[in-house]
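Trainee: here is my input, please return the structure:
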Amino acid sequence: MEDLVIFTTGGTLDKDHDTFTESLVLGAETVTNVPELLRIGKSHFARVQPIMSLDSLDMVDCHREQILLAVQSAKERCIVVTHGTGTMEKTAQHLDGKTGDKTVVLTGALRPFALGKSDAGFNVGGAIIAAQTLSPGVYAVMNGRVFEADNVHKDLKSGRFDL
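Mentor: Numbering: from 1, shown residues only. Sure, this is the predicted structure:
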C-alpha cells in the first residue's frame with residue numbers, strides 16, 4: 001500500500017449551510033469534512049493537509065500554483081486533491097505534466113457533505129483507490145469515472161462529470 005496524502009482546497013464538498021445568510025459557505029482554511037469522511041469509511045489514510053478553502057469559481061492561477069507547489073513538495077507519491085467542481089478541469093490541466101512521478105487525483109462533490117445525501121464519500125473513496133493504482137499523471141475522479149487531465153468535463157445539464 002502506497003503512502004498517500006489528501007490536500008484540501010475547499011469547494012462544495014466542504015460547504016455548509018449558514019443559517020444567518022441562508023447560503024452555502026466555506027469555513028476557515030483549516031476546516032474540512034475530509035477527516036470525517038475518512039473516519040466514516042474506516043480509511044487507512046489519515047494525513048489530510050488543508051491548502052486553502054475556496055469556492056473553485058474564485059480560484060485563479062496563483063491558487064493553482066499553490067496546489068502545484070504542495071504536490072511537488074509532498075513526500076508521498078499518491079496524492080488526492082479535493083477541489084470545487086466548477087473549475088476542476090482548469091486545475092487538472094494546470095497540474096498536468098508538472099507532477100513528475102506522482103499520481104495526482106482531483107475529486108470533489110456536487111452536494112455538500114454536511115447536508116447529507118452527498119456524493120462526497122463515494123468520490124473521495126474512488127479517488128483514494130485511483131491514486132494508489134493509476135500510473136503517474138493527473139486525473140479527476142467523479143461519479144464513478146476516472147478522467148485524464150485533458151478530458152475532465154462537468155456537464156451542467158446532467159449534473160455530473162461525463163466524457
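
Trainee: CA only for contacts and neighbour counts going forward, please
Mentor: Fine.

Trainee: what's around the nearest residue to Ser56 once chain neighbours are set aside, how many residues?
Mentor: Closest residue in space to Ser56, ignoring its immediate chain neighbours: Gly84 at 4.7 Å, by Cα to Cα, 6 or more residues apart in numbering. Other residues near Gly84 number 29, with proximity taken as other Cα atoms under 10 Å.

Trainee: next one: phi and psi at Gly84?
Mentor: For Gly84, the backbone dihedrals (degrees, to the nearest 10) come out as phi -60, psi 150.

Trainee: one more: Thr103?
Mentor: When quoted as degrees, to the nearest 10, the phi and psi of Thr103 stand at phi -100, psi 120.

Trainee: residue most distant from the centroid, the chain?
Mentor: If you look at how far each residue of the chain sits from its centre, by Cα atoms, centre = their mean, the farthest one is Phe20, at 27.6 Å.

Trainee: can you give me the pLDDT of it?
Mentor: With respect to pLDDT, Phe20 has a value of 87.

Trainee: make sure it is indeed in a strand.
Mentor: No. The assignment for Phe20, made by DSSP: H, G, I helix; E, B strand; the rest coil, is coil rather than a strand.

Trainee: from Arg111, how far out is it?
Mentor: Shown here: Phe20 relative to Arg111, a distance of 20 Å by Cα to Cα, to the nearest Å.

Trainee: ok, back up a step: distance check, the residue farthest from the centre of the chain against Pro112.
Mentor: 18 Å.

Trainee: based on its surroundings, how many neighbours for Arg64?
Mentor: Here the neighbour count serves as a burial measure; for Arg64 (other Cα under 10 Å) it reads 17.

Trainee: need phi/psi at it.
Mentor: phi -70, psi -30.

Trainee: likewise Val5?
Mentor: The main-chain torsion angles of Val5 are listed as degrees, to the nearest 10 and equal phi -120, psi 150.

Trainee: can you give me the strands in this protein?
Mentor: For the chain, the strands defined by DSSP state E cover 4-10, 16-18, 23-25, 48-54, 78-82, 103-107, 137-142, 145-148, 154-155, 160-161.

Trainee: alright, that wraps it up for me.
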